[in-house]
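>>> show me how the following folds:
(chains A and B)
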Amino acid sequence: MPLFDYAPAPESRAIVDIRASYGLFINGEFVEPGGDAGRFKTINPASEEVLAEIAEAGPSDVDRAVAAARHAYETVWGRMPGAARAKYLFRIARIIQERARELAVLESIDNGKPIRESRDVDIPLVAAHFFYYAGWADKLGHAGFGEKPRPIGVAGQVIPWNFPLLMLAWKIAPALACGNTVVLKPAETTPLSALAFAEICRQAELPPGVVNIITGAGGTGKALVEHPGVDKVAFTGSTEVGRAIAKSVAGSAKRVTLELGGKAANIVFDDAPIDQAVEGIVNGIFFNQGHVCCAGSRLLVQESIADHLLDSLKRRMARLRVGDPLDKNTDIGAINSAAQLARIRELSQVGAEEGAEAWSPPCELPSRGFWFAPTIFTGVSQAHRIAREEIFGPVLSVLTFRTPAEAVEKANNTPYGLSAGVWTEKGSRILAIADKLRAGVVWANTFNKFDPASPFGGYKESGYGREGGRHGLEAYLAH
Amino acid sequence: MPTEKKASTAKKATGRAASKSVAAKNVAAGSAPEADAPRQVTTAPAAGAPRLAVRKTYKLYLGGAFPRSESGRSYVVNSADGRFLANAAMASRKDVRDAVRAARAAVAGWAGATAYNRGQILYRVAEMMEGRRDQFVAEVRAAEGGSAAHAGAVVDAAIDRWIWYAGWTDKIASVYGNANPVAGPFFNLSSPEPTGVVGIVAPPESSLLGLVSVVSPAIATGNTVVVLASDDRPLPSVTLAEVLATSDLPGGVVNILTGRVAETAPHLAAHMDVNAIDLTGVTDPELATALEVAAAENLKRVIRPPAAAPDWSAEPGVGRMTALLETKTVWHPKGV
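Sure, this is the predicted structure:
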């Protein structure tokens, strides 16, 4: 029993107003889906309570949404001066700031992530993203993609459930800034913040059809990316689906960017500041329940400090608070869905069966909802599935190395290449190792930092294209 | 050299290959008046007549060596007006795989070389080409037809293209990279890096300028390449290989395979150790789609065939370089 225990500090959910059911947001209005559509429920993964009924868009709805986006592109948005587009995006950014608390609570309820993260990371970054790209809208000729770069047309965008509104911002803000219109499909388990964003578009008086939100599962997403009226496909999600999309657009003129899976190495050298490294490791793998494509899911620790580091890490993990996402003290919230929980359990089981040793701090998990205790596996070899496959949960695989060359070789020994971490006090070593890592983002003496000005995206099977920064414009400009 | 061993092994297999229509027929059919002129079939010289010229064997360029195809196969290459020019090596699936292995082995050294050094070597390629200008003009003219003046202009443009990209090697990172002003106490820098091994289907029509225009931007930034040369106009690519081999370009950075693109390209597009594929030279839309589908298996970066025939004489822009670059962003906290 600790000297002082935490008292519950729940954020009020009274600030959000969730409707019983939602239609599709097409051409500036919420509309009922067509005859070929069904309905599904979105639940709170921390309680399994049903939050709302959601429309499942069928092919005819995708047609309608793409047609609305096309019409808006040709008649309004594609020909609007950049300065005017910028003002709409600034308006959206401001409204997001004004409604930040509401959006944070809504996100935590639908996704299961701790309110501390949605309040301090997700929603502020959403607003920042719209501010950032708003500023580009009338300066595109200075971005290095030609003097008068043109938009591409209609973008079909499919986003994942781990950062629902932030991924929406990553997709919609640069698309609109460049003069494209969009049809966006949020993930089936986390549609609510995207539907709230539809209302924000109305508050901002964004012209109808510029942003269309269609809800549904994989079939809806497939219909969207394969729709012949879509000029540009942007997808964030699994490598498996990304591969299927790359195949489906083959032979077409569609432009594609894919932000896919990862299995990032977080490399800790013997001269690293241990306490900071431990914080970075925890942030790297337990941030957002490990539902992060760039999560530092493989810890590579130099052999000479492995025992010491693991002792510190375990001490720190024993202080992590798992539970109610709306409690402001919570570090680790709910796993997003039953399916994801099953996947995490299965791979953890495989890890144990293959001979790795699991350790979790004592922690009491709520009886309802989807939960998984923070876990580390030691004695992991490169051949183990938990060292190769993306678990997408709060599960860390620990491997060791002796020399810098061995660290680099192990770090790069993966088909993925999204991110990596390096911890050492030696500056020249940071730069040399960062040069050799085949990953799109390298965090040195930090981890899981994001900013709208900073490009993000992978090497190899982690996908192609960059989101964020000046580089993020390229995906939405014709060339 | 392992490649030479393969070549000698292949010789033994010639008997089997000879039964095919594409059999090697390295029989001296006549002489050419000049070593660097297009070959012509003439009658055998009588005693006391001018010296019989020594012909060149057109082989693959693989890992810095010049092996025949491991398959032992060759095919007839004719000039634009239908004269016999040579028997070129007909690369096989195994040659594709050997070339990818050579290209992969060369990545660390070439990507790790300084941009200045890569620029020096690309400039050296231009110097070596200039020295062989007449030979290139004769080969381009034989392959593509047209006037000597036109062939000369094409060769000049190809030489100048190397110089253009030689100058880019140490500038593209300044133009395409960024210092990013993030909202926090962090150093944050985005820099372009080569994507790795690039498979290239060279343009079928433009045998030299088109070839140089797709190879030079890929290697300028540190990629290594496996190039499938023009099916029917492969000879200038072999002479280019001889230039590359004498330009201090490390072996394996450029590997050139002659043969049938429809046969070799699917293996290149499906190879899991290739990072990107440039389909500029694919003219059959069905083949292009099939290659793009195969490339998706390991999410290769794909340069699709152009919608219209490219004007290779125009200034290329940076697109061919940036399409084969990755952007790496490095963060570090600031603090005292």
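
>>> and the spatially most central residue of chain A, how far from chain B?
Central residue check for chain A by Cα atoms, centre = their mean: the C-alpha nearest the mean position is that of A:Phe163, 4.2 Å away. Look at A:Phe163 and chain B: by Cβ to the nearest Cβ, to the nearest Å, they are 17 Å apart. Every C-beta, even on glycine, is put in place using the N, C-alpha and C of the backbone.

>>> would you list every one of the helices in the stretch 201-350 of chain A?
Applying DSSP state H, counting those that start in this stretch to the stretch 201-350 of chain A gives helices spanning A:218-225, A:239-248, A:274-286, A:306-317, A:338-353.

>>> re earlier: without its sequence neighbours, what residue ends up closest to the residue nearest to the centre of chain A?
Distance criterion Cβ to Cβ, 6 or more residues apart in numbering or on different chains; nearest residue to A:Phe163, sequence neighbours excluded, is A:Asp122 at 5.9 Å.

>>> OK, contacts around the one you found?
Contacts of A:Asp122 were listed using Cβ atoms under 8 Å, 6 or more residues apart in numbering or on different chains, and they are A:104, A:107, A:113, A:163, A:165-166.

>>> related to what we said a few turns ago, mind putting the helices of the stretch 201-350 of chain A in CSV, mean pLDDT and distance to chain B included?
Below are these laid out as CSV (pLDDT from 0 to 100; distance: least, Cβ to the nearest Cβ, whole Å):
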stretch, mean pLDDT, distance to chain B
helix A:218-225, 97, 13
helix A:239-248, 98, 4
helix A:274-286, 98, 9
helix A:306-317, 98, 19
helix A:338-353, 98, 21
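
>>> and the ones you listed as a markdown table, adding mean neighbour count?
Shown next, in a markdown table, are the helices of the stretch 201-350 of chain A (neighbours: other Cβ atoms under 10 Å in any protein chain shown):
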| stretch | mean neighbour count |
| --- | --- |
| helix A:218-225 | 21 |
| helix A:239-248 | 20 |
| helix A:274-286 | 21 |
| helix A:306-317 | 17 |
| helix A:338-353 | 16 |
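
>>> could you dump those to TSV with distance to A:Ala14?
Converted to TSV, the helices of the stretch 201-350 of chain A look like this (distance: least, Cβ to Cβ, whole Å):
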stretch	distance to A:Ala14
helix A:218-225	32
helix A:239-248	37
helix A:274-286	29
helix A:306-317	34
helix A:338-353	28
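
>>> any idea how far the residue nearest to the centre of chain A is from B:Arg304?
As judged by Cβ to Cβ, to the nearest Å, A:Phe163 and B:Arg304 stand 31 Å apart.

>>> how about A:Pro366, nearest residue that isn't a chain neighbour?
A:Gly323 (6.1 Å).

>>> meant to ask about A:Phe269
Closest to A:Phe269 by Cβ to Cβ, 6+ apart is A:Thr424, at 3.9 Å.

>>> shouldn't A:Asn57 be in contact with A:Gly216?
Residue A:57: Ala, not Asn. Yes - using Cβ atoms under 8 Å, A:Ala57 makes contact with A:Gly216 at a distance of 4.5 Å.

>>> those two: who's more crowded?
Taking neighbours as other Cβ atoms under 10 Å in any protein chain shown, A:Ala57 and A:Gly216 compare with A:Ala57 leading, 32 against 28.

>>> residues in contact with the more buried one?
Contact analysis of A:Ala57 by Cβ under 8 Å, 6+ apart lists A:24, A:33, A:37, A:65, A:185, A:214-216, A:220, A:223.

>>> go again with 6 Å.
By Cβ atoms under 6 Å, 6 or more residues apart in numbering or on different chains, A:Ala57 lies in contact with A:24, A:33, A:37, A:214, A:216, A:220.

>>> closest one of those residues to A:Gly472?
Set against A:Gly472, the nearest of the contacts of A:Ala57 by Cβ to Cβ is A:Ile214 (23.3 Å).

>>> what about the closest one, neighbour count?
Neighbour count for A:Ile214, taken as other Cβ under 10 Å: 29.

>>> strands of the stretch 51-200 of chain B, start to end?
Along the stretch 51-200 of chain B, the stretches classed as strands by DSSP state E, counting those that start in this stretch are B:74-78, B:84-89, B:178-179, B:186-194, B:197-201.

>>> can I get the first one in PDB, CA atoms only?
Below are the C-alpha coordinates for strand B:74-78, written out as PDB (Å, rounded to 0.1, in the frame of the first residue of the first chain):
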ATOM      1  CA  SER B  74      21.700 -14.700 -77.000                       C
ATOM      2  CA  TYR B  75      19.500 -13.000 -79.500                       C
ATOM      3  CA  VAL B  76      19.900 -11.200 -82.800                       C
ATOM      4  CA  VAL B  77      20.000  -7.500 -82.800                       C
ATOM      5  CA  ASN B  78      19.400  -5.700 -86.000                       C
END
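
>>> strand partners (parallel or antiparallel) of that strand?
If you go by DSSP bridges, strand B:74-78 pairs up with strand B:84-89 (antiparallel).

>>> what's in contact with the strand it pairs with?
For strand B:84-89, using Cβ under 6 Å, 6+ apart, the contacting residues are B:39, B:58-60, B:68-69, B:74, B:77-79, B:142, B:234, B:258.

>>> A:His291: what's it in contact with?
Residues near A:His291 by Cβ under 6 Å, 6+ apart: A:162, A:392.

>>> could you do the one 4 residues further on as well?
Residues in contact with A:Ala295 (Cβ under 6 Å, 6+ apart) are A:Ile285.

>>> what distance do you get for it to A:Trp371?
A:Ala295 sits at a distance of 18 Å from A:Trp371 (criterion: Cβ to Cβ).

>>> strands along the stretch 1-150 of chain A, start to end?
Taking DSSP E, counting those that start in this stretch, the strands of the stretch 1-150 of chain A run over residues A:21-22, A:24-26, A:29-31, A:38-43, A:50-56, A:150-151.
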